[in-house]
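[1] I'd like to go over a predicted model; first the sequence, then the structure.
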Amino acid sequence: MPEEFSERRRATAWLHVPDGRLAEHIEDDLGPGHPALRDTRLYRRVSGVDRHAREVSEKELAALGDPMATVFFQRNSFPMAVEEILDGLPRVADQPKVYLVSESGTIPPTDAPHLRRDIRFALTYAVRGNEADLLISTGANSDPRTTFLQVAAWDEANQVFNYYMRITPAWVWTGNSWDALAAASRGSGCFDSHVNGSVVMKELKQPWINWQSQSAAIRLDADDPLRENPLYQRVIGAENLESTVRAQIDRWSRARLRAVTAGATVENPDHLLRQLFTTTAVNLTSTAAQSAAVGRDGDDPLPLPMGFWLNNDALLDDLGIEVDATVPATTATLYADSLDTFGFRLEEKASGFSRPGDTFFAFVVPEAALEDNSVVRAMCEHGLISAKFAACALMVDFPNPVFSAHRARLMRYVPTEATAAEGLGDRIAERILAAAGQLTTYSPEAQFAANWSLPDATWREDFSRRITDYLAKVRQRITTREGFDDYVLLAESRRRQFKALKLHEFELTLPTTDIPATAPPLRMREDATVTDQP
């Protein structure tokens, strides 16, 4: 990769910025004192690196190898609307794929005429083969030439996503996947929510919360002009998008690991290991039940999402720990009563909208992010760490799959300087074990050391017994009022932590409750009880 880009690696990500808020971000995107932009040039502005937008040099432009650069910008073509992008791309059968998302989409417009709809299109386009080379996000209910327009474009030559946004009258290159990891640009601008250089779909799994899908439809007035939009007429369900996003996240993870393991040393091992020991991002998950349909009478079971109880995707699916994975279920009565007890409601302050009850799908909570788990898988595949090392780390405080302060403490033993790639996991384990001897048996270090001491032939079975016992205790407590109320409080604690992230863009993504915002953060114990987080 040319020096201009290798020094300033950054990723915007496939964003869902609401078009009504675009004007608020223009100055941030271009930087203070930016020059007047021309519609015949590509500009660059990497937040945290560039003070303001500047023209991309010919050398920089030639180095970009994604379809937006090769089909348009390098040919002095600057499409201003999504339709113009699609018209200029090669004709490929069944392309583009078009999807629809809105956090207020399941609320009938007649019930809330002043609600901010914030309906967006998400499009994917496979220019070559079956992989989505372009991922486009744009407003659906605004002028296509003035609403936001953002693109994540895969650069096959450089093995990164390049990120662009059109700010009328020009296009701005805002970095590539590596820039999300660089100190100067990490956490700046758009990358404060897309921190690992990859594309993002927060609501990744069924029922694909907030997306038009086989589980729910986005509601429109009968005379809504959006119905006549050719893109709207091509919309398909988000169940088709899930596999595409999974593939793109893994695509970057594999490319990233190939790059960092190409030599004998790893330059920034902490950049990788933080995706094992800490929560760098989250996905949102929920039950498959529509909250309004959960009856108040009777003991019908309501299974809560498995990702709330542990990182099942990593521990069970990726690392092969087999357990009795019967999903813990509460009763419909306990769930419905909790909505009254804790004052659940949907609120949007800007429009004055308020409605009692939960989100459209019941019990939305954060879970471990695919982008974190994907990097852990890739580290194991490339031999940086073993499956046992990954499992021993994830089993520290495992009932708290996200926002675990205990597990995060182990990051202090991860080297931050260039380190030999071979045996990296073993050397980190040695550091943790050396510290564990001076600490209590309840420390994260001692927990990891106990896990690491398990025989190589039986660690999966040992972890299986612990997880199975834990889930059995959860299944006992969840059908009691005290137990389920504890889990509601725990869920709200994790929602508050999610709301503090820039990834939380819309008020209606999560419910509002009467639980104080100042309530202490909570954690789950392995005995299935809930306590204050130390």
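    Done, it's in.
[2] Please tell me how far the residue nearest to Trp452 when sequence neighbours are not counted sits from Arg407.
    Closest residue to Trp452 apart from its sequence neighbours, by Cβ to Cβ, 6 or more residues apart in numbering: Cys392 at 5.1 Å. The way it works is simple: take the backbone N, C-alpha and C, and place the C-beta from them, glycine included. Noted for Cys392: a distance of 11 Å to Arg407, by Cβ to Cβ, to the nearest Å.
[3] picking up where we left off before, doesn't the residue nearest to Trp452 belong to a strand?
    No - counting by DSSP: H, G, I helix; E, B strand; the rest coil, Cys392 is located in no strand; its state is helix.
[4] which residues does it contact?
    The contact partners of Cys392, taken as Cβ atoms under 8 Å, 6 or more residues apart in numbering, are 429, 448, 451-452, 454, 459.
[5] ok, and the most crowded of those?
    Within the contacts of Cys392, most neighbours by other Cβ atoms under 10 Å means Phe448, with 27 neighbours.
[6] Go ahead and confirm that residue touches Ala390.
    No - the pair Phe448 / Ala390 is not scored as a contact, 11.6 Å apart, by Cβ atoms under 8 Å.
[7] Count the neighbours of Asp324 for me.
    Residues near Asp324, counting by other Cβ under 10 Å, number 11.
[8] check which helix or strand covers it.
    Assigned by DSSP states H and E, Asp324 belongs to no helix or strand.
[9] can you list contacts of stretch 405-413?
    270, 273-274, 277-279, 393-394, 396-397, 400, 428, 431-432, 435, 444-445, 447-448, 523, 533-534.
[10] and what of stretch 487-501?
    Here stretch 487-501 has contacts from 193, 282, 284, 304, 308, 330, 338, 341-342, 363-366, 402-403, 477-478, 504, 510-511, 513, 515, 517, 519-524, 530, 533, using Cβ under 8 Å, 6+ apart.
[11] Keep only those of the residues you listed that are in strands.
    Using DSSP state E, the subset of the contacts of stretch 487-501 located in strands is 282, 284, 330, 365-366, 522-524, 530.
[12] now the residues you listed: which count as buried?
    Those of the ones in strands among the contacts of stretch 487-501 that meet the buried threshold are 282, 284, 330, 365-366, 522-524, 530, by 16 or more other Cβ atoms under 10 Å.
[13] List the residues that contact Asn451.
    The contact partners of Asn451, taken as Cβ under 8 Å, 6+ apart, are 391-392, 395-396, 459, 463.
[14] Please identify which pair of the residues you listed lies farthest apart.
    In terms of Cβ to Cβ, the contacts of Asn451 reach their longest pairwise distance at Val396 and Trp459, which sit 13.6 Å apart.
[15] hey, where'd the strands end up in the stretch 201-350 of the chain?
    Along the stretch 201-350 of the chain, counting by DSSP state E, counting those that start in this stretch, strands occupy 265-266, 282-285, 301-303, 329-331, 345-348.
[16] With Thr440 as the reference, name the closest of these.
    The closest of those to Thr440 is strand 282-285. By Cβ to Cβ, the value is 29.8 Å.
[17] Show me what whichever helix in the chain runs longest is packed up against.
    The helix spanning the most residues in the chain, taking DSSP state H as the definition, is helix 239-260. Helices and strands touching helix 239-260, by 3 or more Cβ pairs under 8 Å, 6 or more residues apart in numbering; DSSP states H and E, are strand 97-101, strand 120-125, strand 160-167, helix 370-381.
[18] mind redoing it with 10 Å?
    Contact analysis of helix 239-260 by 3 or more Cβ pairs under 10 Å, 6 or more residues apart in numbering; DSSP states H and E lists strand 97-101, strand 120-125, strand 134-139, strand 149-155, strand 160-167, helix 269-277, helix 370-381 as its packing neighbours.
[19] now those in a markdown table, with mean pLDDT?
    Formatted as a markdown table, those follow (pLDDT from 0 to 100):
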| stretch | mean pLDDT |
| --- | --- |
| strand 97-101 | 98 |
| strand 120-125 | 97 |
| strand 134-139 | 96 |
| strand 149-155 | 95 |
| strand 160-167 | 93 |
| helix 269-277 | 98 |
| helix 370-381 | 98 |
